[in-house]
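# Predicted model, plus sequence, below.
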Amino acid sequence: MPYLVECLASVERQTLDPARMEVIAVDDGSTDGTGEYLEEFAARAAMQVTVVRQENSGGPSGPRNVGLAKAAGRYVFFLDADDRLGDEALERMVAMADENGTDVVLGKVEGINRKPPQSMWGRTVGRTDVFSSNIKFTLSAQKLFRRALLERHGMRFDESLWTGEDALFTMEAYLRADGVSVVADYPCYYLVGREDGKHVTKSGSYTLRFDSARALMNLIAEMVPAGPRRDSLMVRPFKVTLLPQFGPKFLKDTDDVREHKLELAKPLMDAHWNPEVARRLKVHERLQLHLVAVGRTDLLADVVRFVQAKKQPVPVLEKRGTQVYLGYPHFRSKAAGLPDWIYLAEPREARGVEGYREEAANTLVRRALRKLRRSLPTREVKAAAA
């Protein structure tokens, strides 16, 4: 409350026939009148409403699982109590799934005092998958899921995770789905920033983020064979979950916390970090994570401060402009001893540098990667070439 009032009002405004909808509202031990308001809503709403009241479970997974167990519709949609739906959201998403036979539908998200993911809303797509699009960068639970998919695979939210449980659930759905649709031409979901800042994703110990990264990496490794497809998905937990722990936050951490973060990161880096994952990141992201992988936090602070200050690295063009190195801190420093390939910009990043010649650059990058693979220890060679 009062976010719930607006949330339920958006449900009542849905253009989908109320006879085709059921609302299952789980009051997870609230103490602010939410339960009573849900009972009032159930008594007057045009659609079928079931209210479940229970003791607080400590996280979002339990209540979602309770609701999912009671769901009877062809599709389910998980709506957070502080967010709201666009008026035509459910009608458009259901129509999209029916028309294309897809198992998951993403509706465009807009933010209210919050910044939503943006890279996947370029255009409406009837059918795609997690390897052919940017949908891996939106793993929140606020999607339309075909219930038969979830039941066929016994999918539920992991109640041992305090944060990142939705990423695990949604990634599994993407990987198991017979197609994913994207509704990009209509705002289906409004992600609302609470004035008190009390979002689960913004609270809790840093150790929870490592738990989340570990769970998602393990899922990807279990479901996707080693190779380019797995590497493309590993970018998400490295970039979104792990990297922020070694950004500006790291500068404020105590020595004990820094050491603990490195301990938590080490098994993840050893198992899943390789040059093929690294090259899919921007140079500064790759550099920061490489320093974590090799335990060089003495150099990491310089890089983080450089990026935080929004300084621009001096580009170094070589091989007639077909290769661009970005001069972030410690580039070609003998004392640091970092390999050049860490600083080598991929074409998508190099295109912003004046004088860059993309012609033949891709061939040169591939040659450089082959040379790199030959120079790596056996385990890393296998990871890169798989």
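Structure's in. What do you need? Numbers count the residues shown, from 1 in each chain.

# mind showing which ranges of this protein have poor pLDDT?
196-204, 360-369, 372-373, 375-386 (pLDDT under 70).

# where exactly do the strands run in it?
For the chain, the strands defined by DSSP state E occupy 22-28, 48-54, 75-77, 84-85, 104-112, 125-128, 144-146, 180-192, 314-318, 323-327.

# Reformat those strands as JSON lines; add distance to Leu300 and mean neighbour count.
All C-beta atoms are positioned from the backbone trio N, CA, C, and that covers glycine. Compiled in JSON lines, these are given as follows (distance: least, Cβ to Cβ, whole Å; neighbours: other Cβ atoms under 10 Å):
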{"stretch": "strand 22-28", "distance to Leu300": "39", "mean neighbour count": "20"}
{"stretch": "strand 48-54", "distance to Leu300": "44", "mean neighbour count": "16"}
{"stretch": "strand 75-77", "distance to Leu300": "41", "mean neighbour count": "21"}
{"stretch": "strand 84-85", "distance to Leu300": "40", "mean neighbour count": "23"}
{"stretch": "strand 104-112", "distance to Leu300": "31", "mean neighbour count": "21"}
{"stretch": "strand 125-128", "distance to Leu300": "36", "mean neighbour count": "17"}
{"stretch": "strand 144-146", "distance to Leu300": "39", "mean neighbour count": "23"}
{"stretch": "strand 180-192", "distance to Leu300": "32", "mean neighbour count": "21"}
{"stretch": "strand 314-318", "distance to Leu300": "20", "mean neighbour count": "14"}
{"stretch": "strand 323-327", "distance to Leu300": "17", "mean neighbour count": "20"}
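
# Any chance of those strands in JSON lines with distance to Val307 as columns?
Listed next are the strands of the chain as JSON lines, based on distance: least, Cβ to Cβ, whole Å:
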{"stretch": "strand 22-28", "distance to Val307": "39"}
{"stretch": "strand 48-54", "distance to Val307": "45"}
{"stretch": "strand 75-77", "distance to Val307": "38"}
{"stretch": "strand 84-85", "distance to Val307": "35"}
{"stretch": "strand 104-112", "distance to Val307": "24"}
{"stretch": "strand 125-128", "distance to Val307": "32"}
{"stretch": "strand 144-146", "distance to Val307": "37"}
{"stretch": "strand 180-192", "distance to Val307": "26"}
{"stretch": "strand 314-318", "distance to Val307": "15"}
{"stretch": "strand 323-327", "distance to Val307": "11"}
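
# Find the nearest non-adjacent residue to Leu291, please.
Nearest residue to Leu291, sequence neighbours excluded (Cβ to Cβ, 6 or more residues apart in numbering): Leu300, at 4.5 Å.

# Could you do Leu264 as well?
Phe210 (4.2 Å).

# which residues touch Val180?
Going by Cβ atoms under 8 Å, 6 or more residues apart in numbering, Val180 touches 102-106, 127-130, 133, 135, 174.

# Spatially, which two of the residues you listed are the most separated?
Within the contacts of Val180, Asp103 and Ser133 form the most distant pair, 14.7 Å apart (Cβ to Cβ).

# Those two - which one has more neighbours?
When Asp103 and Ser133 are compared for neighbours, Asp103 comes out ahead with 23 against 17, by other Cβ atoms under 10 Å.

# so how far is Arg147 from that one?
10 Å (Cβ to Cβ, to the nearest Å).

# rewinding a little: for Thr322, state which of the contacts of Val180 is nearest.
Closest to Thr322, out of all of those and judged by Cβ to Cβ, is Ser133, at 29.0 Å.

# Assess the claim that that closest one and Val182 are in contact.
Yes: contact criterion Cβ atoms under 8 Å: Ser133 and Val182 qualify, at 7.2 Å.

# so what sits against both of the two?
When Cβ under 8 Å, 6+ apart defines a contact, the residues bordering Ser133 and Val182 alike are 120, 125.

# so who does Met223 touch?
Neighbouring residues of Met223 by Cβ under 8 Å, 6+ apart: 172, 175.

# For beta bridges, what are the partners of Asp27?
On the basis of DSSP bridges, Asp27 takes part in beta bridges with Arg53.

# what residues are up against it?
So Asp27 contacts 34-35, 38, 51-54 (Cβ under 8 Å, 6+ apart).
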